[in-house]
Every structure is written in C-alpha cells, then in structure tokens.
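S.K.: no FASTA, just this:
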Ligand SMILES: C[S@@+](CC[C@H](N)C(=O)[O-])C[C@H]1O[C@@H](n2cnc3c(N)ncnc32)[C@H](O)[C@@H]1O
C-alpha cells in the first residue's frame, strides 16, 4: 500500500489519531491502522468517512474475532498456579496436565477462531503432526490465540515458536504464556502485509487468515505465501461465517488459494473438519 504518499500528512495523522483513540484499537499495530486509513483517504473520503471505513476494515479483519476481552493478568495468575501444581504432580509436565488444558480451553474460547476449533483440538493436532516430519521451529502468522494450543502439538518445549499478530496486548500475553509454560519462542507485533523478513522455520501456520488479509489488500496472501521461509505451510479456511449463518464456505474461499498452489507447482494434502478445511502445502 503506497497511498500514504498521496495524502496530506495532517489528514492522515488526524485519521490515525482518531482510530488509535478508540478503546478497541488502542493496541492495534499503528502501521497497519495508518495504511488502512491512508487507503481510505486516497479514495477521496473526508477524514471522518475514512476513519469510519478504516475502523470497519479493521473490525472485519481482526477485532470481530475477539468474542470476549480477557483479563490477561488474572488469566496468567491462574495459569501459573496450575502450572506450578502440574510441575509438583506425578507427570511434572504442564503441557499434558488436565487442569492446565482445561484452563487453556477456557482462554481459547475468547477468540472465535480458536473457539470454533475446540471440539476437534485433540484430533486435529494428532492427525496434522502425523503428516509432518519432526518439527523444531514454527511460524504462526496472524496467530490470534492459536499459540495457546501448543500443548496439543507434537512439539518439544524448546522448539522455537514465533507468533505474529497485530494487537500489542495480546502479543504481550502470549509472551507471558510461553514463559509460564517454559516454552521457547516469541510473540511479536507484526503486520503480515509488511514485506519485512521473518525467521525461517520448519512449518508456518496461516490459519483462517487468507480472507482477512485479502480483505485489506487484494493479492497480499499470495505474496505472503511465497515470502514465508518454511518448506511446509499449514493454511486453513473457516467453514462458516462468524455469525454461523452461512455454512460450507471453506471450499469457496479455498478455490483461489488452490489455484495459487497449482501455479507455484506446490503439493497440497488436506484435513477436513466440520469447522475448518486445513491444507498442508509442501513448497518444494
Ligand atoms: C480469523 S483470525 C485467525 C486467528 C488464528 N490464526 C486462528 O486460526 O486461530 C484472523 C487473525 O488475523 C489477525 N490479523 C488480521 N490482519 C492482520 C495483519 N495485517 N497482520 C497480522 N495479523 C492480522 C487478526 O488479529 C486475527 O487474530
């Protein structure tokens, strides 16, 4: 998006300040908010109209998925207590501990994408990791609360896990989660539409995110798929709208993606769940 250059700076700064002043967007990646506002101003909209349209874009592609605002301090306090008890217990492994897992279930329910995945959590990661070679490093792009599902993944605690999303408060929570669980890795506030480098990894998750990125910038997801330095991409599509009214839309969303895979000469295998269609793409 290069529309910032076409806008008077003061209009753009005013629009950005108005977006970031909204409670809902105070922790959002400021560069993304600026780009979205600039694109709206470039359509000839007034500052007020551009702010409204930009907020609408940011809602549709990100904020709408937050079902419940978590109290991160309370959540971490509970988690640390459960982890300490698990470490004293017979298994001494917080990842396999039922109380820790129950707590993480509850936290994942706060974000629509992980909430929809809860009924298939055990099955999905067992089936997925059976199809993968041993994984020592992971990228999780536009992660939401998906890193909280890490105990269900066949990963050792020292596997490097890099998680990216746009809300600074959620990112800080994920870093504290990694720390509490004794996991290697880092969560980073990052706009997936920026052409910035990412660390290389064995696999990259891009779950239920392609339509969100396409909504902000058409063609962005194909560029991203090529830019990710991972030999295996796990890309999924939701099978229903957020309201749950429209079902069976995953195939429709995936059609453009499958055409890109074919064009690149990559191989794709799939796993099908009621809520989500998952593709395992080999880039080689
Ligand atoms: C449908 S949710 C998927 C969340 C997670 N991947 C999952 O499946 O559990 C889409 C996610 O994309 C994030 N997102 C939207 N636009 C983004 C961008 N430009 N860069 C990074 N993340 C973005 C949202 O904040 C949200 O967490």
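M.R.: Arrived safely. Everything quoted here is computed from the prediction, not taken from an experiment.
S.K.: Buried residues, stretch 31-47. List them.
M.R.: Using 16 or more other CB atoms under 10 Å as the test for burial, stretch 31-47 gives 32-42, 45, 47. (Each C-beta comes from the backbone N, C-alpha and C, glycine too.)
S.K.: could these go into CSV alongside distance to the ligand, pLDDT and secondary structure?
M.R.: CSV is the format used below for the buried residues of stretch 31-47 (distance: CB to the nearest ligand atom, whole Å; pLDDT from 0 to 100; DSSP: H, G, I helix; E, B strand; the rest coil):
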residue, distance to the ligand, pLDDT, secondary structure
32, 5, 97, helix
33, 10, 98, helix
34, 12, 97, helix
35, 9, 96, helix
36, 9, 97, helix
37, 14, 97, helix
38, 14, 96, helix
39, 13, 96, helix
40, 15, 96, helix
41, 18, 96, helix
42, 18, 95, coil
45, 21, 96, coil
47, 22, 97, helix
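S.K.: Okay, now the unreliable bits of the protein?
M.R.: 1-7, 245-248 (pLDDT under 70).
S.K.: So which residues of the stretch 101-250 of the chain form helices?
M.R.: 112-117, 121-130, 168-181, 210-216, 220-227, 250-264 (DSSP state H, counting those that start in this stretch).
S.K.: I'd like to know which of the ones you listed is closest to residue 25.
M.R.: Evaluated with CB to CB, those place helix 168-181 nearest to residue 25, the distance being 10.9 Å.
S.K.: Who are the packing partners of that closest one?
M.R.: helix 72-88, strand 160-165, strand 186-189 (3 or more CB pairs under 8 Å, 6 or more residues apart in numbering; DSSP states H and E).
S.K.: The first one packs against which elements?
M.R.: In this structure, helix 72-88 packs against helix 98-108, helix 168-181, with contacts taken as 3+ CB pairs under 8 Å, 6+ apart.
S.K.: Residue 188 against residue 166, yeah?
M.R.: No. With contact defined as CB atoms under 8 Å, residue 188 does not count as touching residue 166 (10.5 Å).
S.K.: Please identify which of those two sits among more neighbours.
M.R.: Comparing residue 188 with residue 166 by neighbour count (other CB atoms under 10 Å), the higher total belongs to residue 166, at 24 against 14.
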